[in-house]
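J.: What would the 3D arrangement of this be:
(chains A and B)
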There are 2 protein chains.
Amino acid sequence: MKPEIKISLIGSGKVATQLGKTLFKEGFLIAQVYSQSKKNAFKLSKQIEAQAITDIKKLNTDSSIYIIAVKDDAIEELAKSIKLKDKIIVHTSGTVAMDVLKNCSTNYGVFYPLQTFSLEKEVDFKTIPICIEANNKNTTTSLSYFAKSISNNVQKINSEQRKIIHLAAVFACNFSNHLYAIASVILEKNNLSFDILKPLIEETATKIKNSSPLKIQTGPAIRGDKKTMEAHLKLLSKQERNKKIYKLLSKNIVESKKVLK
Amino acid sequence: MKPEIKISLIGSGKVATQLGKTLFKEGFLIAQVYSQSKKNAFKLSKQIEAQAITDIKKLNTDSSIYIIAVKDDAIEELAKSIKLKDKIIVHTSGTVAMDVLKNCSTNYGVFYPLQTFSLEKEVDFKTIPICIEANNKNTTTSLSYFAKSISNNVQKINSEQRKIIHLAAVFACNFSNHLYAIASVILEKNNLSFDILKPLIEETATKIKNSSPLKIQTGPAIRGDKKTMEAHLKLLSKQERNKKIYKLLSKNIVESKKVLK
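T.: Here you go, the predicted model:
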């Protein structure tokens, strides 16, 4: 049996939901769920046997850890209403500075799970990298211990590093998803199903597990296959934005090749 | 038992290797493997119990199906040296026109497996979409029957559609891989390991199996989070090419949002 650790969850969105459900399953006691929206607060709190609150002033003061998982630009404002003396408080953001929590408690930090979450789709936290940071050694140790109870991939990452990781994630994930979206629109405009690309997309993302993406780049740009690139630009003739992206990324692929040499 | 169908394989690269091995495993008789390179021809032929040839004039004439799996720009030239009367001949390219094979035989077509292959890493052809096309109905039927013996996802795709699919694949896969490469360089320049992003990359590619990528776009651009985007551009201050890509893709994400509304 785990010693009973009480958690308060501030937020009811994707991160709060998946984190809350995981912590609940792992045997943590979730004391409260806060959300501005009564409906959302109740929805999540019911699933994890917590009390729902919609007024941040009603936040309990006897939890061991307070997790703020709300939108990035709402963290700082919300933090102003939280006073906890020495209880550990963290936010889950990749971009927000740790210090926005410095007036909440003498022990504060960041608990950033590096994954993309959905409200419904459950994820296995065991494989999710959790980046932790805290304002002192004891809190770092506590957070590390806490994070390791749900993930096998806990890393101490300072605020500067966290920003770099978030930036890299925007390239590798947000932008890749946008390219999937462009591909899906190109196909559907031509009455072809996006389904046909899915095995290739999956394999492309799988390949980089064991190989550097720089070394396994394929496609017309890296081959210097101008004939195919010209044919592609012709196919995109009336899609100015897609043409721009095609040209810029192709050019960049060619130039990266030079860099590698 | 399968009726014995004889195949000749022209090429010894990634596609030829994975296709050859799969066909061999499925009980097809691989009569010959052609490659310009003696070493490569022998390497593959040994694995699939075929005869290795390095002179295209020595190509046998009694196989049922001839598969050309060489570089796109080598297909047309190689085809000039192949005369087979009525045996089925196909190439495996996403971009080359079917008609470059019209003087090889009265029955010709395309057998395009929509996947990214490696020399070493084995793939499961069952899930790979195979796009087939042929110059007449009988050949289409034969090719379809043949393709279905290794894949559960065989689709009749004409040359125009195949070009569109290949273009979409460049966006979704070649370009995504390049974004992975950019992310890996950003991380490594800051002494961070690319490993930390791999679970996120995998989940991003998995999510689109059941959701439209347009609808699940995340990140600062779709949220209109200008503060984060500015901070990212600042981090990229000395990386002009990455900054250009960041700006263009972010702008495009914002504009796609308008399109969806």
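J.: Would you map the strands across chain A?
T.: A:6-10, A:29-34, A:51-53, A:65-68, A:88-91, A:108-113, A:130-134, A:154-156 (DSSP state E).
J.: quick one: which of the ones you listed is nearest chain B?
T.: Nearest to chain B among the strands of chain A is strand A:154-156 (6.8 Å), distances taken as C-beta to the nearest C-beta. Where you see a C-beta, it was placed from the backbone N, CA and C, and this is true even at glycine.
J.: Mind giving me the packing neighbours of that closest one?
T.: strand A:130-134, helix A:137-148 (3 or more C-beta pairs under 8 Å, 6 or more residues apart in numbering or on different chains; DSSP states H and E).
J.: out of those, which comes closest to residue A:165?
T.: Checking the helices and strands packed on strand A:154-156 against residue A:165 by C-beta to C-beta gives strand A:130-134 as the closest, at 6.8 Å.
J.: Neighbouring strands - and their directions - for that closest one?
T.: strand A:108-113 (antiparallel), strand A:154-156 (parallel) (DSSP bridges).
J.: ranking the ones you listed by burial, who's on top?
T.: Among those, the stretch with the highest mean neighbour count (mean count of other C-beta atoms under 10 Å in any protein chain shown) is strand A:108-113, at a mean of 25.
J.: and the angle from it to helix A:137-148?
T.: 20 degrees (axes from the mean of the first three to the mean of the last three C-alpha atoms, to 10 degrees).
J.: could I have strand A:108-113 exported to CSV, CA atoms only?
T.: The C-alpha trace of strand A:108-113 is given here as CSV (Å, rounded to 0.1, in the frame of the first residue of the first chain):
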residue,chain,number,x,y,z
TYR,A,108,7.1,25.3,-5.9
GLY,A,109,8.0,23.8,-9.2
VAL,A,110,7.1,22.4,-12.6
PHE,A,111,5.7,19.0,-13.5
TYR,A,112,5.6,19.0,-17.3
PRO,A,113,4.5,15.8,-18.9
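J.: so how far is it from its chain's centroid?
T.: The chain centroid and the centroid of strand A:108-113 are separated by 12 Å under C-alpha atoms, centre = their mean, to the nearest Å.
J.: what residues does it touch?
T.: A:15, A:19, A:67, A:88-94, A:98, A:101-102, A:125, A:128-135, A:139-140, A:143, A:146-147, A:151, A:157, A:159, A:162 (C-beta atoms under 8 Å, 6 or more residues apart in numbering or on different chains).
J.: Can you lay out the helices and strands packed on strand A:154-156 as CSV showing mean neighbour count?
T.: Below are those laid out as CSV (neighbours: other C-beta atoms under 10 Å in any protein chain shown):
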stretch, mean neighbour count
strand A:130-134, 23
helix A:137-148, 16
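J.: So which helix or strand of chain A has the lowest pLDDT on average?
T.: helix A:240-260 (a mean of 89; mean pLDDT, DSSP states H and E).
J.: Determine the set of other helices and strands touching it.
T.: Secondary-structure packing of helix A:240-260 (3+ C-beta pairs under 8 Å, 6+ apart): helix A:176-189, helix A:220-223, helix A:226-235, helix B:176-189, helix B:240-260.
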